[in-house]
Structures are given as C-alpha cells and as structure tokens.
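**Q** Give me coordinates for this.
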Amino acid sequence: MAEQQYWPALSRRLARRRLIGGLAVAGATLSVAGLAGCSTTKPRGAATAPAGQAAGGPQQGGTYNAALATNATLDPQTLSQAPTNTLAGAVMSRPFRYKTGADPSTITNHDVEPDLAASAESPDAITWTIKLRPGATFHNVSPVNGHAVEAEDVKATYLRALKLPNNPNRGALGMIDPDQIQTPDKSTVVFKLNYPYAPFRGILASPAYSWIFPREALAGSYEPAKTMIGSGPFLVDSVTPDVEFSVKKNTSWFESGRPYVTGIRFAVIPTQAQQEAQITSGHLDDAQIGQNDLDMMTRSNPNAALIKIPPSTGANIYTQQGDPTSVFMDVRVRRALSMAFDRESLAKAVFNNQYVNSLFVPTFLGKWSLKMEQLDARVSGYYKYDPTEAKMMLRNAGVTNQSFKFAFTISSNSSADPGRNNTAETLNSMINAIGFKTTPTPIDFAKDYIDSGKGYRQGFYPKDTIVYGNSQAFTEVDDFVFGYFHSKSTQNQVRVSDPSLDAMIDKARTIVDEDARLKAYLDIQKYVADKAYIIPVGWGLGFWMVQPRVQNYQQGSTAGVAVETYAKVWLKA
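**A** Residues are numbered from 1 along each chain as shown. The predicted model follows:
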C-alpha cells in the first residue's frame, strides 16, 4: 500500500519534532508547521476569565508585544501579504472594518462596521455613495501634516491601486471605473461601478485592497515604499529589518480614548517554535500554537487563554494550466493528483486531528465556504485517497513516469522550516506513489513566491512544476473565486482560462439578493471542485495563546488584527 512507503519516515520525523518542540522553550530555533486561526478552548489550569472578559475598566499604557513571521514592507498596494497588511492595520485605516467581540466566532460573520466611512449606500449595486466620518485626520508628519481625511484621499487611493503595474490585486478591483469616481464634497465619494457588485462594502473593508492613503501618495509627494502614512490608531516609530517594526499610539486617532496601549512592538520571529518559546518566556503577548505543541504549551503557560477559530487560509496544490502543452490541462491528471493525497492520515500525523478537510474557500468564511459534504458522490470521490484509481486515470491520460519539481515555500528569514518541510515531503511522497517522479524544491516566499507580483503566487512558474502553497487570507468569497479562477485576474495562480467559469463568476458578482448570490458562489465552487483546477489538501485549525495580562482581546481578521484587536486591548498592570 502506498501509505506504507511514506508513513514510517514521517512518524519518525514527527516524533523528533515533538522533542524539538520541548526544547524550543529553552531557545531552540526550529519550527513546527504554520497554522491559521478556531470557539474558545480553556487550557489546563487556565485563568477563569478568558481574554476579553476581565473585570474592571480599561487601563492606559504599556507596550503590546506581537510577532511578524517575515519583514513587512511599507506599501500595501505593491505587496499584499500578512506582515505588510498587519503593519498597515496599525498605521492606516479602511472605509470599513470587520466587527469583533469577546466571542472569537464573531469575526467569522464578516459583518462590517464603520472605520473611515460612516455609511455606504446603493439603490442598484452600481452607484455607491460613501459618506466619511467627521474628525478623521492623517498623521501629523510631512508632507501630509495632519490634514483631514477627505473624499479626494479615498479617490486617490483607488486610482493609485488601479494604476500601479506592480499591484498584484488590481485585477480584483475591476468593478471600479476610475473615470467614474466622483467627489461632490469633502465628505462624499460616489463610485459608479462597471457592473452591479453587491459585496462592494466588502471591498471597502478588505485589508487586501482598501488601506486609505493620503492623496499626496498619488501625487508623488512622498514615497510610500519608504514611508507609511495613514490615519490609523498608531504611527510608525522605528523599522529595523529582521529585528522589529515598532509603532506608537496616535493620540489624535478618531476613536476617542483608544488605543489603550502606548505602542506595539512587532518582533520579526520567523518560526512558530521561536514564537512559542517567546510567549513562554513572557516576551510575546500572543502567539500561534502548533497542534502538536498544545499540551506542552498549556502546561508551560497555565494562566494563558487559548483561542481557536476556523482557518482563514488553506493549503493547496497548484499546477500550470496556462500552457497548452502542460499535462495538467487534462482534467483526468488533475483529478488523479487529488486522489493521491491521504488527507485523513495527514490530519492525524501532522495536525494531531486538529484539521479541516475543506475545499478551496476556507471555512473562516462560514456559509460562503463549500463543504465536502455538499459535493455529490462522484465529485467527492476525487477528494478521497485512492492511489489505485489515480494510477489508472494517469494511464488513461497517457501520463506516466513523468518528472516534476515539487515546489514549496520557506521563509526568507529562516534557513528552513521543518514543519513545512515535513508536510511537503509527505505530500511529495504521496505524489510519487501514483507514478510521478517529483523532486522536492524549496523556494523562498518573498523572492520566489511573491516576487513583487511576478512570482509563483501569480502563476509565473513552468509546466514541469507542482506548487504547494497557502491561499491568500481574503475576507470575501468573491476575492477567492475571482482572484484565483477568473481569466482576467492578476492573481490567477494556475492560469486557468475557462469561459464557462468566467461567465458564472461575472454573473455572481452582479447578484444583489443574498440567498441567490450565496447559491451562485456555492455553484461556482462545485464547478471548480469537479474540474479540480486547484487541489486542496486541507489546513489545520489554528490556536492562539494570549497572555493573562491582556484584557479585552477580540479575535480579528488575519490582516486586520492591529485595528480590530490590538487597538482594543488593554494591559493589566
């Protein structure tokens, strides 16, 4: 059986990994697999009041200690990745943001609330009138000098996003007509879209697209790649690449009285094991915890709160479908590849059964995420482990004994990530078991995967390469569906061009009625699952550990955590 070929080796690696995890507390610098955020779970010996339910009023002061896995860049329109957007969330603002609450599941509803905008109204989903809140100002730094946030700033932000050739997200803003953004007065922006787009408020709340720049950025009065200026709860204080990014409280923030903390120190800590060690030593206020380290970490931190929410991203296999000579143009080859993966065994060995066997849109999006049980029996069979059937499919397709590179990402700030390596090596072995000959090929996340919008993430890789990588942590189903599958998207990672799928997506984007829109997006996901355009291998549930001194901790979206979470916390003396 194919499982016997790879499983003993993985078990030995995981046994060693648990030992390494125990040593991490003493300062080892090796990592476990990265996980994405899931109802509150109380660890053994945890404090009676979970984070967010402390008695007494807020206290002012103190520095919050958080971590970034890699360096952040200062211009979120030229590199939209989690560290950059996390920093932007501290310094900049969006028209809307997502509601959070003491219940960690609140964020999964993705309900929007005002940030810079007081309202966004439309009679037909084409003409949208945005009213800005009064009293919001940019930071008092040159050349902006604290001027009010006005309609012209919002307009300039989206014009810049659509003009920048190296903005990887500009294709997702295709509903915006740059010539039809009007500013009738300083507090009003009117967008006349190219077509009805019901979830436009989601665009305005997106931490991938909608950090509002001062109009001086479009005018070229300063260089956003070198200076981050916004209207958010914090200002950039210092930047030390590979060490830390520090922000300080914006005392002029429009949310009176907040933030409560005087600043945030974002330490650059590349591996999860290092972050776990740092929270145990008291140098971090929160950190993501690996499933296999939960027992060790709860014993080491008996008073900390443990929070989990469904994963906001997924792990997937991407193949080149933009080259007509690629073998992956044949749906039988893609389906066979999907059937090579023993997802249940992966869940047990790598994720300690803290795992979601989801399809492409992650379960963090709730009802908008298609579940495996919603597939019909024929299609669901393509996502079950069946190496015998996979081999037969490949023979029928005339694809046997072909050689491929199996590319997977490692951080540019660490020499290796053993957790990522273990999972990649296991998936690689499973692919080999159905007859492919694959060579594991580590690639650098920043240099190769992102590469300023010209990397593997945007589909720039050869046809003889199979890519294992995460999906982007979007907050709107259309971002996933359009971004990864529409032929006009600049984020189409597999370069699929399917007119029928394009038409389905184009229609879904115009539907105003929510029930009809929900059905349309679920139907799109069913179509994509049948075609196996992208092959999900699931993703582990994520666990966040929060120090007992942290009060009013409200779980936010991955990229919006600074304003949705850190701007609300206070630190118990």
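
**Q** Name the residue closest to the centre of this protein, please.
**A** Residue closest to the mean C-alpha point of the chain, counted by C-alpha atoms, centre = their mean, is residue 473 at 2.1 Å.

**Q** Now do the contacts for that one.
**A** Shown in contact with residue 473 (C-beta atoms under 8 Å, 6 or more residues apart in numbering): 36, 82, 312-313, 362, 364, 557-559. (Glycine included, C-beta is placed from N, CA and C.)

**Q** hmm, try it at 6 Å
**A** Contacts for residue 473 (C-beta atoms under 6 Å, 6 or more residues apart in numbering) come out as 312-313, 558.

**Q** what's the pLDDT at it?
**A** pLDDT for residue 473: 80.

**Q** Quick check: chain neighbours aside, which residue is closest to it?
**A** Leaving out its chain neighbours, the residue that sits closest to residue 473 by C-beta to C-beta, 6 or more residues apart in numbering is residue 558, at 4.1 Å.

**Q** cool, residue 297 as well?
**A** Closest to residue 297 by C-beta to C-beta, 6+ apart is residue 289, at 5.1 Å.

**Q** That neighbour contacts residue 545, correct?
**A** Yes: between residue 289 and residue 545 there is a contact under C-beta atoms under 6 Å: 5.1 Å.

**Q** what about the helices in the stretch 101-250 of the chain?
**A** Applying DSSP state H, counting those that start in this stretch to the stretch 101-250 of the chain gives helices spanning 151-163, 200-205, 215-219.

**Q** neighbouring contacts of the last one?
**A** If I follow you right, that is helix 215-219. By C-beta under 6 Å, 6+ apart, helix 215-219 touches 143-144, 152-153, 156, 159-160, 222, 224.

**Q** Mind doing that once more with 10 Å?
**A** For helix 215-219, contacts defined as C-beta atoms under 10 Å, 6 or more residues apart in numbering pick out 75, 77, 138, 142-145, 147, 149-161, 163-164, 221-224, 227, 229.

**Q** before we move on, the earlier item: please tabulate the helices of the stretch 101-250 of the chain in JSON lines and include distance to residue 306 as additional columns.
**A** Listed next are the helices of the stretch 101-250 of the chain as JSON lines, based on distance: least, C-beta to C-beta, whole Å:
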{"stretch": "helix 151-163", "distance to residue 306": "38"}
{"stretch": "helix 200-205", "distance to residue 306": "28"}
{"stretch": "helix 215-219", "distance to residue 306": "40"}
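
**Q** Please identify the most buried of the ones you listed.
**A** helix 200-205 (a mean of 24; mean count of other C-beta atoms under 10 Å).

**Q** just the CA coordinates of that one, formatted as PDB?
**A** The C-alpha trace of helix 200-205 is given here as PDB (Å, rounded to 0.1, in the frame of the first residue of the first chain):
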ATOM      1  CA  PHE A 200     -18.800  46.300  -2.600                       C
ATOM      2  CA  ARG A 201     -18.800  47.100   1.200                       C
ATOM      3  CA  GLY A 202     -16.600  44.000   1.500                       C
ATOM      4  CA  ILE A 203     -14.100  45.600  -1.000                       C
ATOM      5  CA  LEU A 204     -14.200  48.800   1.200                       C
ATOM      6  CA  ALA A 205     -13.400  46.700   4.300                       C
END
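
**Q** State the mean pLDDT of that helix.
**A** For helix 200-205, the mean per-residue pLDDT is 93.

**Q** Quick one: list the elements packing against it.
**A** Contact analysis of helix 200-205 by 3 or more C-beta pairs under 10 Å, 6 or more residues apart in numbering; DSSP states H and E lists strand 96-98, strand 112-114, strand 117-121, strand 127-132, helix 151-163, strand 188-192, helix 477-485 as its packing neighbours.

**Q** Mind putting the ones you listed into JSON lines with distance to residue 256 and mean pLDDT?
**A** Shown next, in JSON lines, are these (distance: least, C-beta to C-beta, whole Å; pLDDT from 0 to 100):
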{"stretch": "strand 96-98", "distance to residue 256": "17", "mean pLDDT": "95"}
{"stretch": "strand 112-114", "distance to residue 256": "14", "mean pLDDT": "94"}
{"stretch": "strand 117-121", "distance to residue 256": "15", "mean pLDDT": "97"}
{"stretch": "strand 127-132", "distance to residue 256": "17", "mean pLDDT": "98"}
{"stretch": "helix 151-163", "distance to residue 256": "21", "mean pLDDT": "96"}
{"stretch": "strand 188-192", "distance to residue 256": "24", "mean pLDDT": "98"}
{"stretch": "helix 477-485", "distance to residue 256": "32", "mean pLDDT": "93"}
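
**Q** picking that back up, and of the helices of the stretch 101-250 of the chain, who's closest to residue 67?
**A** helix 200-205 (24.7 Å; C-beta to C-beta).

**Q** Please enumerate the shared neighbours of residue 289 and residue 545.
**A** 43, 275-276, 279, 297-298, 301, 304, 306-307.

**Q** Redo those residues as JSON lines? Include pLDDT and distance to residue 204.
**A** Output for the shared contacts of residue 289 and residue 545, formatted as JSON lines (pLDDT from 0 to 100; distance: C-beta to C-beta, whole Å):
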{"residue": "43", "pLDDT": "35", "distance to residue 204": "37"}
{"residue": "275", "pLDDT": "94", "distance to residue 204": "32"}
{"residue": "276", "pLDDT": "95", "distance to residue 204": "36"}
{"residue": "279", "pLDDT": "97", "distance to residue 204": "34"}
{"residue": "297", "pLDDT": "95", "distance to residue 204": "38"}
{"residue": "298", "pLDDT": "95", "distance to residue 204": "39"}
{"residue": "301", "pLDDT": "97", "distance to residue 204": "38"}
{"residue": "304", "pLDDT": "97", "distance to residue 204": "35"}
{"residue": "306", "pLDDT": "93", "distance to residue 204": "33"}
{"residue": "307", "pLDDT": "90", "distance to residue 204": "27"}
